[in-house]
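**Q** take a look and give me a structure for this.
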Amino acid sequence: MAKRRLIKKINEVSDEELTQEFDFSNDPDIETTSTVSSSARIAQQEQEINYLREQLESFRAREIEFEKNEEENFRLSQQNRQLAFKLESHQDEIEELKEQNEELTTLLTKRDAELVDLQATTTSTESTVALEELNRVKAQLEALSKENSIAKEQISV
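**A** Model (predicted):
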């Protein structure tokens, strides 16, 4: 905060005022006798003015850098929000796929059991109806296996 106040005070002194050269020899109110102390004071003031100019340039450069950093921070925070939103939506999608995979696994296990029962029935009775049922269950089993593998691939992605 102190830096901002200092920058504000320095900015109040215009560049024209800083670049003005003072010619004390033309002013009749000022004593024209040159003394060592007054020339030393003038030299000291010129050094202070030069120092203030350098500080002003330095503060302006820092202010520009600070503004650039603020803009970059804002841009990065926006990007972070977008990524967090995408992550949340992908996690929801993964949870849905896991649930679907569990349902397909349960259904697959049930169909496997039915297939074993039908195979036992067809070997003992060898009826054509049982064979048709067996083929139907096999087709369903293959379809469920394909769905399950697709769901597993989606989860792994």
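**Q** what ranges does the protein have for its helices?
**A** Taking DSSP state H, the helices of the chain run over residues 2-12, 15-19, 36-125, 128-156.
**Q** how far away is residue 80 from residue 73?
**A** 10 Å (CB to CB, to the nearest Å). Bear in mind the C-beta positions are built from the backbone N, C-alpha and C, glycine included.
**Q** residues in contact with the residue sitting nearest the centre point of the chain?
**A** By CA atoms, centre = their mean, the chain has its centre lying nearest to residue 80, at 2.9 Å. Applying CB atoms under 8 Å, 6 or more residues apart in numbering to residue 80 gives no contacts.
**Q** any low-confidence regions in this protein?
**A** Applying pLDDT under 70 to the chain flags the ranges 1-3, 6, 13-36, 122-127, 130, 157.
**Q** go again using 50 as the cut-off
**A** Residue ranges of the chain with pLDDT under 50: 30, 32-33.
**Q** give me the number of residues near residue 151?
**A** 19 (other CB atoms under 10 Å).
**Q** got it, and residue 102?
**A** If we define neighbours as other CB under 10 Å, then residue 102 has 11 of them.
**Q** cool, residue 104 as well?
**A** Applying other CB under 10 Å, we find 19 residues neighbouring residue 104.
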